[in-house]
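> The sequence and its predicted three-dimensional model are supplied below.
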Amino acid sequence: MKRRSYLKTLLAVGAGATVADAQTKTVKNPIVLNVDMQVDPAKEQEMIRNFHTIFKPAGAKFPGYIDVKILKLRTALQGSAPAGMNYRFQLTYESEELRQKWINSDVHQKVWPTIENTLVNKNYTVLLLDAI
């Protein structure tokens, strides 16, 4: 019995180390794309569901992917948020070249409309930033 417990512990520690290594992967100067969107309140749950079940899993499979988030505006603490903006989409990639491969892929052409079709309009702000 002790041998079985020992093996379980050893496997758990090994798996934990793998997860920790993946989480601490650092990329020097990745790019961050911010999209300030106005999601239709009647389609909000659809957008959230599509983001988590369709868009994010598809994007995570592409080379260079680091992270993607959907953020709901709570309040502007200083200054003002863009007019009508209630959500910010934030995508982090290792480089702009790899992000371009993702957005030009057939997969992206299928999954982005599941988010975009929940917006009030397609007149959203897109900012490309370099993490430094």
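Structure's in. What do you need?

> Distance check, the residue nearest the centre of the chain against H52.
By Cα atoms, centre = their mean, the chain has its centre lying nearest to V68, at 0.9 Å. Shown here: V68 relative to H52, a distance of 10 Å by Cβ to Cβ, to the nearest Å. C-beta coordinates here come from the backbone N, C-alpha and C atoms, glycine included.

> Give me the neighbour count for Q45.
11 (other Cβ atoms under 10 Å).

> sec struct for it, please.
Following DSSP: H, G, I helix; E, B strand; the rest coil, Q45 is assigned to helix.

> Let me know the pLDDT of it.
Here, the pLDDT recorded for Q45 equals 98.

> now A12
53.

> Kindly report the same for the one 3 residues further on.
In this prediction, A15 carries a pLDDT score of 48.

> do R4 as well
Confidence at R4, expressed as pLDDT, is 55.
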